[in-house]
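1. Quick one: sequence and predicted model below, then my questions.
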Amino acid sequence: MDNKNNNIRNARMANMELLRIISMMLVIVLHFLGKGIGISNAASSEMTAYGYVSWLIEAFAIVAVNVYMLISGYFLLESTFKVKRLLTLLLQLWFYSIGIGLVAAAFGYLPQEGFSLYYLAQLLLPVSTNHYWFMTAYIFMYLLMPLLSVGVRNMTKKQFQIVLCLLIFTFSIIKSVCPVPLATDMQGYDVIWYLCVFLVAAYIRMYGFSFFKNWKRSLFVYVFMALMIFGTTFLLRAFFLKTGKLEDMITVSYQYNHIFVLIASVALFYLFTFVTIKHNLWEKLIFKIAPYTLGVYLLHEHTAIRYEWPEFIFKITGIPNGMISWLLSLILSVILVFTAGILVDMLRSQLFCWINSLLSHFTIYRKLIDWLTGLSIVSKKEEKL
């Protein structure tokens, strides 16, 4: 294990928290491109300037979700599984699922199909209905985390490498080169893929990838892979327009579990291990904001408003009529959505603190919290400390 990998073992580092913030901003970019004015049909014979630029931006932003999970997995490996933490996540999820659903309905915002029994189930059972697919995958992964942690710690480095290579080959490389869609391929929108990403993060934590030995190499790989994602897409598009074949495969390199996206994600993760936040004020600001980034996702991706907020942005800025105004709308979307998400989650956190403080006056509640706090899975190594 090299010195660089030792340096990224600290419990919380401003560079990794900054990457968490940037990753969530890139998630907003992806959603703006997909739900606003941006990504156009790659199979169309006509492509506007918006189309080319948006596909290029998407190529650099598509790593966002993988990177966010790499950060989470990297720190989860050394953490203790806590039932209390799991319940806190679920309460946060219900706060947004039910709370935003009620507020949105009060202002007349409902899913495009309107109110239905299934929509009610989405509000009440967000994990089971996959209301937020990322949270569904994350919670399932968190439940399996103790088993994964024990498993990787009881394998030799060679055994870990074999398992990791087999998983990446099965769930990433095969789909990346196969000329037809695979029935078992969920394009990275499932817990299986994020178990793979968790194991990549675990390998980085335990052994590291010596290939990414400096920031220049990491940056080069990230940029090169992003351009490969963009380039292969438009090569396949050109092939389809000429032959009429492989239409379903044109945008395959923009899927989370494509090998190009995975490599780009790891490269960007490593790039930020070389970043140093020198100014104490910036470090404090990063640590202040980073814990609330998940709330940004839970707010703007609620099923009732996920297609509404881009229209709200356009009401403020007007429908873009040129590349500059379109880019300004994109930047404004990131700023407004991210800021709103952080502020709402800060309020949510404060509300939870007030409720906890109020309920702590009751003995039965204190005993319940103590009981939940004790329901943690501690490793044998931690028990000896």
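-> Here it is on my side, so go on.
2. Tell me where the stretch 201-350 of the chain has helices.
-> With helices called from DSSP state H, counting those that start in this stretch, the stretch 201-350 of the chain shows them at 215-243, 259-273, 280-289, 293-300, 309-317, 323-359.
3. which one of the ones you listed has the lowest average pLDDT?
-> When the helices of the stretch 201-350 of the chain are compared on average pLDDT, helix 309-317 comes out lowest at a mean of 83.
4. what packs against it?
-> helix 14-35, helix 323-359 (3 or more C-beta pairs under 8 Å, 6 or more residues apart in numbering; DSSP states H and E). Every residue, glycine included, has its C-beta placed from N, CA and C.
5. and if we set it to 6 Å?
-> helix 323-359 (3 or more C-beta pairs under 6 Å, 6 or more residues apart in numbering; DSSP states H and E).
6. buried residues in the helix it packs on?
-> In terms of neighbour count (16 or more other C-beta atoms under 10 Å), helix 323-359 has its buried residues at 326, 329-330, 333-334, 336-338, 341-342, 344-345, 348.
7. Make JSON lines out of these and add distance to I289.
-> Output for those, formatted as JSON lines (distance: C-beta to C-beta, whole Å):
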{"residue": "W326", "distance to I289": "27"}
{"residue": "S329", "distance to I289": "23"}
{"residue": "L330", "distance to I289": "21"}
{"residue": "S333", "distance to I289": "18"}
{"residue": "V334", "distance to I289": "14"}
{"residue": "L336", "distance to I289": "15"}
{"residue": "V337", "distance to I289": "14"}
{"residue": "F338", "distance to I289": "9"}
{"residue": "G341", "distance to I289": "10"}
{"residue": "I342", "distance to I289": "6"}
{"residue": "V344", "distance to I289": "13"}
{"residue": "D345", "distance to I289": "10"}
{"residue": "R348", "distance to I289": "14"}
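8. With respect to M228, which of those residues is nearest?
-> L330 (23.1 Å; C-beta to C-beta).
9. Grab the nearest non-local neighbour of the closest one.
-> F32 (5.7 Å; C-beta to C-beta, 6 or more residues apart in numbering).
10. same thing with A43?
-> According to C-beta to C-beta, 6+ apart, the nearest residue to A43 is E247 (5.3 Å).
11. And for the one you found, the neighbour number?
-> Look at E247: counted by other C-beta atoms under 10 Å, it has 15 neighbours.
12. mind checking how far it is from A59?
-> 20 Å (C-beta to C-beta, to the nearest Å).
13. now do I259
-> I259 is 14 Å from A59, by C-beta to C-beta.
14. Comparing these two, which residue is more hemmed in?
-> Neighbours of I259 and A59, each counted by other C-beta under 10 Å, are more numerous for A59; the result is 24 against 19.
15. Verify the contact between the more buried one and L227 for me.
-> No: here A59 does not reach L227: they are 7.0 Å apart, not a contact under C-beta atoms under 6 Å.
16. tell me the contacts of the nearest residue to I39 once chain neighbours are set aside?
-> Of all residues not flanking I39 in the chain, L33 sits nearest, at 4.8 Å (C-beta to C-beta, 6+ apart). By C-beta atoms under 6 Å, 6 or more residues apart in numbering, the contact set of L33 is I39, S54, E58.
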